[in-house]
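*Asks:* need a 3D model of the sequence below.
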Amino acid sequence: MQSFWRRVLCKWMGFTIDVTEPLPDKYIIALAPHTSNWDFFIGQVYSLATGRRCNFMMKKQWFFWPLGIIMRRLGGIPIDRTRRSGITDQLAQQAIERSEFRLCITPEGTRKANSDWKKGFYFIALKANLPILLFGLDYAERRIVCHKTLRPTGDVEADMKEIKAYFLPFKGKHPELFAV
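*Replies:* Here you go, the predicted model:
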């Protein structure tokens, strides 16, 4: 099945995979730019094409019946953004306890232009001592790119500045909706 999904991604959709970073058993993926619902679909096809299934966080409104059943089966974790729930602590604890842990998060937290990125992915990685793989989804060049891994240092502002700088060259499906 992997070869089928790779053909879908690379031949039919026209994307190339340019991942030079090693993929350990446990990591967080920070994926940007996130400007379209198509990003989710491409991410799922990439996951199937590479055989590395990955959980993802998504606002709880997407988990209505019957779509919620499908989203959970795909690895979705519903997030209620209206209240604090301790989800970063829970996910960090799961990462520590499991032998494998892969979680993909879009730091922008929305498909609209937002330069105030969410930091939950960073704190999960920091608490669980996980690397953050920076995956760029570049529609202009039809590439899925990962050339950088960041280990959180605890200096949130400096690390977020480095993360945002990495994503600057990538063009989302709707580039005007991407802000760092």
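
*Asks:* compute the distance from the centre of stretch 38-47 to the centre of its chain.
*Replies:* Counting by CA atoms, centre = their mean, to the nearest Å, stretch 38-47 is centred 10 Å from the centre of its parent chain.

*Asks:* for it, what is the average pLDDT?
*Replies:* In this model, stretch 38-47 has a mean pLDDT of 94.

*Asks:* just stretch 94-105 next, same as before
*Replies:* 93.

*Asks:* endpoints of stretch 114-130, how far apart?
*Replies:* Using CA to CA, to the nearest Å, the end-to-end distance of stretch 114-130 comes to 25 Å.

*Asks:* name the residues that touch that stretch?
*Replies:* With CB atoms under 8 Å, 6 or more residues apart in numbering as the test, stretch 114-130 has contacts from 26-28, 30, 57, 87-89, 91-93, 95-96, 101, 103, 105, 107-109, 131-132, 152, 154, 156, 159-160, 163-164, 179-180. Backbone N, C-alpha and C define where each C-beta goes, glycine included.

*Asks:* stretch 146-159 now?
*Replies:* Contacts with stretch 146-159, where a contact means CB under 8 Å, 6+ apart, come from 18-22, 27, 29, 119, 122, 125-126, 131-136, 162-163, 166.

*Asks:* all helices of this protein, in order?
*Replies:* 2-7, 38-50, 67-74, 87-97, 120-128, 156-167 (DSSP state H).

*Asks:* out of these, flag the one nearest Ala113.
*Replies:* Closest to Ala113 of the helices of the chain, according to CB to CB: helix 156-167, at 13.3 Å.

*Asks:* and that closest one, what's buried?
*Replies:* Across helix 156-167, burial judged by 16 or more other CB atoms under 10 Å covers 159-160, 163-164, 166-167.

*Asks:* same list (those) but as JSON lines, adding pLDDT and distance to Arg53.
*Replies:* Output for these, formatted as JSON lines (pLDDT from 0 to 100; distance: CB to CB, whole Å):
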{"residue": "Asp159", "pLDDT": "97", "distance to Arg53": "27"}
{"residue": "Met160", "pLDDT": "96", "distance to Arg53": "27"}
{"residue": "Ile163", "pLDDT": "97", "distance to Arg53": "24"}
{"residue": "Lys164", "pLDDT": "96", "distance to Arg53": "27"}
{"residue": "Tyr166", "pLDDT": "97", "distance to Arg53": "24"}
{"residue": "Phe167", "pLDDT": "97", "distance to Arg53": "24"}
